[in-house]
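In: coords please:
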Amino acid sequence: MIRRLPLATLASVLLAGCGLQPLYSGGGAGPVAQSIGQVEIDPIEGKAGWLVANALKDRLGAVSSGGAPYRLVVKLDDQIRGLGVRRDNSVTRERRTLRARYQLVDAAAGTVVLDQTAGSDVGVDVVQSDYAVVAAENTALERLSVVIADQIVARLALYARRRAQPQP
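Out: Residues are numbered from 1 along each chain as shown. As a prediction, the model looks like this:
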């Protein structure tokens, strides 16, 4: 008699054999969650900076000023470029691009321990209503801010995991 294993059990057995481990093992008490929860976010300039900083705070947890062992310094580059052009030289499509260069700084030593970039872009249709275009550009910026914050947090978590693992 052949016994069938549930798909989840089979998948976990196969993944365990390849060495894949969950990033946030241990939940909120795990080493990765504890490490990324100790990051203070420096102020980021502009509207995009405010949006990215809030998204980062939501994901990392609020850290009071001055007591965190790490600081996150983020510089943003926000651009809107016209893509499609009509015969009358009016733009029909825009691409909004948000790029972030971020550095994780050890607050005690003042050294940069992680220096990377994150970025994403989105297309915006340009219609005859200026209000609709501005609203679409703002919505695009809100979405890009969340994507950038997710990328930064994922890379911080990978860095924290590498630090938490014992070196051979």
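
In: Show me where this structure has its helices.
Out: 7-17, 31-36, 46-60, 130-164 (DSSP state H).

In: Mean neighbour count, mean pLDDT and distance to residue 113 added to the ones you listed, as JSON lines?
Out: C-beta coordinates here come from the backbone N, C-alpha and C atoms, glycine included. Formatted as JSON lines, the helices of the chain follow (neighbours: other Cβ atoms under 10 Å; pLDDT from 0 to 100; distance: least, Cβ to Cβ, whole Å):
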{"stretch": "helix 7-17", "mean neighbour count": "10", "mean pLDDT": "60", "distance to residue 113": "30"}
{"stretch": "helix 31-36", "mean neighbour count": "18", "mean pLDDT": "65", "distance to residue 113": "11"}
{"stretch": "helix 46-60", "mean neighbour count": "18", "mean pLDDT": "94", "distance to residue 113": "16"}
{"stretch": "helix 130-164", "mean neighbour count": "17", "mean pLDDT": "91", "distance to residue 113": "7"}
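
In: For those, please prepare TSV with the additional fields distance to residue 74.
Out: Converted to TSV, those look like this (distance: least, Cβ to Cβ, whole Å):
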stretch	distance to residue 74
helix 7-17	33
helix 31-36	15
helix 46-60	6
helix 130-164	7
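
In: so which of these gets nearest residue 84?
Out: Nearest to residue 84, of all the helices of the chain, is helix 130-164, at 13.3 Å by Cβ to Cβ.

In: between the helices of the chain, which gets nearest to residue 98?
Out: helix 130-164 (4.0 Å).

In: and the angle for that closest one with helix 46-60?
Out: Angle of helix 130-164 versus helix 46-60, following axes from the mean of the first three to the mean of the last three Cα atoms, to 10 degrees, is 40 degrees.

In: which other helices and strands contact helix 130-164?
Out: Packing partners of helix 130-164 (3 or more Cβ pairs under 8 Å, 6 or more residues apart in numbering; DSSP states H and E): helix 31-36, helix 46-60, strand 70-85, strand 91-106, strand 111-125.

In: Of those, which is nearest residue 153?
Out: Residue 153 lies closest to helix 46-60 among the helices and strands packed on helix 130-164, at 4.6 Å (Cβ to Cβ).

In: from the chain's centre, how far out does that closest one sit?
Out: Centroid separation between helix 46-60 and its chain, computed with Cα atoms, centre = their mean, to the nearest Å, is 10 Å.
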